[in-house]
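Chemist: dropping a prediction and its sequence here:
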Amino acid sequence: MPLTWLSKIKSTLETPDTEPSVPDSAILYATLMLEIAQADQEEADEELAIIESRLHKLFGLDEADCRAVATAAREQLAQAPGLYQFTRQINETLSIEERSQLVESLWQVAFADQEIDKYEEASIRKISDLLYVSHGDFMKAKHSAWQESGES
C-alpha cells in the first residue's frame, strides 16, 4: 500500500519537459479537416486558416499548438490506409452533437476557398456516414457553415 501511495505522489510531481499535451480529439478533428482540405488535391491557405481557427475555438489551443496538431494530423493522414481508424475513435469518445459539430467544421473547411469541389463534398458525406450523423444533421451543418462563410 505505501508503495502505491508513493508512486502516485511521484507521478504527480514529475512533469515532463515536453510540449504541452493536446487532446487526442484535437488531432482527430484536424486529421479529418485536413482530409477535406486535401480532397481537391490542393491545401489552400484559407483552408488551413479555418482548421487552425477551429482548433483554437474548440480546444483552446494557441497558435503554436494549432500548427503542431496540424503537422501531427498531416503525418497521421499520410500514413493511414483510410479514415475508419479516425472515425471509430471519434465515435467512441464524442457525442452525436459533437460529431455534428465536427461535420460543420468540415463544411467550413470546404467553404474556406469559396468553392466546393465535388471531392470535398463526397469526402464530407463519407465522413458524416462513418460518424453516424443523420442526413438532417449533415444538411444543418452544411447550411450553418455556409451562412458563417458569408455566402448568402
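Modeler: That came through, no problem.

Chemist: what are the ranges of the helices in this protein?
Modeler: Per DSSP state H, the chain carries helices over the ranges 2-13, 24-38, 45-59, 63-79, 84-93, 96-111, 118-130, 135-148.

Chemist: can I get these in a markdown table with mean pLDDT and mean neighbour count?
Modeler: Glycine gets a C-beta too; all of them are placed from N, C-alpha and C. What follows is these, written out as a markdown table (pLDDT from 0 to 100; neighbours: other Cβ atoms under 10 Å):
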| stretch | mean pLDDT | mean neighbour count |
| --- | --- | --- |
| helix 2-13 | 46 | 9 |
| helix 24-38 | 92 | 23 |
| helix 45-59 | 92 | 18 |
| helix 63-79 | 92 | 16 |
| helix 84-93 | 93 | 15 |
| helix 96-111 | 95 | 22 |
| helix 118-130 | 95 | 17 |
| helix 135-148 | 94 | 16 |
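
Chemist: and the nearest residue to Tyr84 once chain neighbours are set aside, how far from Gln114?
Modeler: Using Cβ to Cβ, 6 or more residues apart in numbering and skipping the chain neighbours, the partner closest in space to Tyr84 is Leu130 (6.5 Å). Remark: distance between Leu130 and Gln114 (Cβ to Cβ, to the nearest Å) = 27 Å.

Chemist: geometric centre of the protein: which residue is closest?
Modeler: Of all residues in the chain, the one closest to the mean position by Cα atoms, centre = their mean is Tyr29, 1.2 Å from it.

Chemist: surely the residue nearest to Tyr84 and Gly82 touch.
Modeler: No. Counting by Cβ atoms under 8 Å, Leu130 does not reach Gly82; the two are 9.4 Å apart.

Chemist: residues in contact with the nearest residue to Ile127 once chain neighbours are set aside?
Modeler: Using Cβ to Cβ, 6+ apart and skipping the chain neighbours, the partner closest in space to Ile127 is Leu32 (5.7 Å). In this structure, Leu32 makes contact with 83, 86-87, 90, 102, 106, 127, judged by Cβ atoms under 8 Å, 6 or more residues apart in numbering.

Chemist: let's go with 7 Å and repeat that
Modeler: With contact set as Cβ atoms under 7 Å, 6 or more residues apart in numbering, Leu32 has these partners: 86, 102, 106, 127.

Chemist: how far away is it from Ala44?
Modeler: 17 Å.

Chemist: and for Leu106?
Modeler: To Ala44, Leu106 is 15 Å away according to Cβ to Cβ.
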